[in-house]
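[1] coords below, sequence missing:
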């Protein structure tokens with residue numbers, strides 16, 4: 001099944017107990033074409049394999065609504081970066097994390113979120 005990404009943006013988010021920022025890519029999925037689509041992580045991993053290790057995203061965010069834009073039609077990256085990875089702050093979007101980097105993608109739930117907040121994972 002072909003998964004169509006209408007728009008994608010990349011930005012850095014801060015993690016507690018972590019120096020610098022880690023990458024997150026936010027995808028807008030066309031909800032008219034697919035409802036609750038299966039996500040082909042192997043295809044995404046293949047795409048990300050062409051990037052240097054420091055540029056690969058650690059978090060993926062999937063939205064079924066368009067990204068919020070400025071008056072000049074640019075996506076508001078800071079708005080999404082400030083929301084971070086907390087499920088309670090991400091407007092119902094699906095957030096996935098790769099722990100450790102290079103492994104399988106896991107859906108961020110409250111348990112993973114609290115582990116990230118406590119600094120139990122290193123990036």
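    The structure has been received and is ready for your questions. Please read these numbers as outputs of a predicted model, since none were measured by experiment. Numbering: from 1, shown residues only.

[2] touching stretch 104-116 from outside, list them.
    Stretch 104-116 is contacted from outside by 15-16, 41, 44, 59-60, 85-87, 94-99, 121, using CB atoms under 8 Å, 6 or more residues apart in numbering. For the C-beta atoms, the positions are set from N, CA and C on the backbone; glycine is no exception.

[3] do stretch 76-86 as well
    Residues outside stretch 76-86 that contact it (CB under 8 Å, 6+ apart): 9, 11-14, 24, 26, 59, 61, 67-70, 89-91, 95, 97, 108, 113, 116.

[4] ChimeraX command to pick out the buried ones of those residues?
    Typed into ChimeraX, the line below selects the buried ones among the contacts of stretch 76-86, using 16 or more other CB atoms under 10 Å:
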select :9,11,13,24,26,59,61,67,90,95,97,108,113,116
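
[5] out of the contacts of stretch 76-86, which are inside strands?
    If you go by DSSP state E, the contacts of stretch 76-86 have 9, 11, 12, 13, 14, 24, 26, 59, 61, 95, 97 in strands.
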